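[1] sequence isn't available, so here's the structure alone:
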């Protein structure tokens, strides 16, 4: 284990001092306003809190606490984190948190300048999404035993995720009234509570209809399904009538990958979304249309899939061309 492994950092964090009271109040005020203005997800707010509390503990109330930090102080903190073994991605997230915090402080006229404005984010390695081959997708989709209610449900979920390019959280969070099979569309609530309509293909509609007609009645056994947070009824449930969690679906994907002869270490639920995007591009889909289907707020996020498609074409050329 390295001197600054994540496990050791977590143990060290347990011995850190309490967050100074003045800093704790500033952090709570920031989070409350960030939630009210942007409707940020709980995971994002928790991430903001951890980042700001880490800075507050490091400063320990010196020189007016985190609200009065200057650029040099923030730079020193980022440098300390780098030397302590924090990853570039973790430090980039911290810098994003600091920019949000100080930008709000300037808007609230709690300070005149933003000390994080001139700090440069660390360079991140560009990780290309891992997409499965179309033959591997076919094998994965056929892995569930559809003679059982759970297997039929799992087949419908896999078909739907690949056909619509859903995020895992979007899939397990689907409401029972989000599907319109007559029109062949799915209403999806994405990141930032942004809603989008996604068309469904014939195959995914077929399996979804079978799930609704055959599997779901068996799973709920005529009993009412408890509502999720917000009062909506979940579309996909387990035998206890509860919505499936992301962790549960992750385990299912790994299990079916092994059945399909795919290395489970090379696949994740998000890999189906990557495969959806890559396969559409390989077959000539428009990048703007793909952006809408995926629910990306920025086209630059979608453009990474063009690199995947180009990389696959280069590999194909190298393998089959006589002068590759």
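    On my side now, so go ahead. Since this is a predicted model, take the numbers as computed values, not measurements.

[2] how about residue 259, phi and psi?
    Dihedral angles of residue 259 (phi, psi; degrees, to the nearest 10) stand at phi -60, psi -40.

[3] same check on residue 187?
    Backbone phi and psi, for residue 187 under degrees, to the nearest 10, turn out to be phi -100, psi 120.

[4] okay, now it: neighbour count?
    Using other CB atoms under 10 Å, the number of residues around residue 187 comes to 14. (Each C-beta comes from the backbone N, C-alpha and C, glycine too.)

[5] separation between the residue nearest to it when sequence neighbours are not counted and residue 230?
    Nearest non-adjacent residue to residue 187, counting by CB to CB, 6 or more residues apart in numbering: residue 178, 4.5 Å away. Applying CB to CB, to the nearest Å, the value for residue 178 to residue 230 is 13 Å.

[6] higher neighbour count, those two?
    Neighbour count, other CB under 10 Å: between residue 178 and residue 230, residue 178 has more, with 19 against 8.

[7] can you pull the contacts of that one?
    If you count contacts by CB atoms under 8 Å, 6 or more residues apart in numbering, residue 178 has them with 186, 187, 188, 189, 235.

[8] pLDDT at it, what is it?
    pLDDT, residue 178: 87.

[9] could you report the separation of it from residue 205?
    14 Å.

[10] what's the answer for residue 54, then?
    48 Å.

[11] looking at those two now, which is surrounded by more residues?
    Counted by other CB under 10 Å, residue 54 and residue 205 do not tie: residue 205 has more neighbours, with 21 against 18.

[12] per-residue confidence for that one?
    As predicted, residue 205 sits at a pLDDT of 92.

[13] please apply the same query to the one 4 residues further on.
    The score at residue 209 is 94. That number is its pLDDT.

[14] which of the contacts of residue 178 count as buried?
    186, 188, 189, 235 (16 or more other CB atoms under 10 Å).

[15] now for the second one: which residues touch it?
    Under the criterion of CB under 8 Å, 6+ apart, the neighbours of residue 188 are 164, 166, 170, 174, 178, 195, 196, 197, 198, 295.

[16] hmm, try it at 7 Å
    Counting by CB atoms under 7 Å, 6 or more residues apart in numbering, residue 188 makes contact with 166, 170, 195, 196, 198, 295.

[17] in CSV: these, plus secondary structure and neighbour count.
    Output for these, formatted as CSV (DSSP: H, G, I helix; E, B strand; the rest coil; neighbours: other CB atoms under 10 Å):
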residue, secondary structure, neighbour count
166, coil, 27
170, helix, 22
195, strand, 10
196, strand, 15
198, strand, 21
295, coil, 21
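
[18] least confident of these?
    For these, the least confident position by pLDDT is residue 295, scoring 58.

[19] tell me the domain ranges of this structure?
    6-107, 134-320 (automatic domain parsing).

[20] okay, now the unreliable bits of the stretch 51-200 of the chain?
    Applying pLDDT under 70 to the stretch 51-200 of the chain flags the ranges 124-129, 192.
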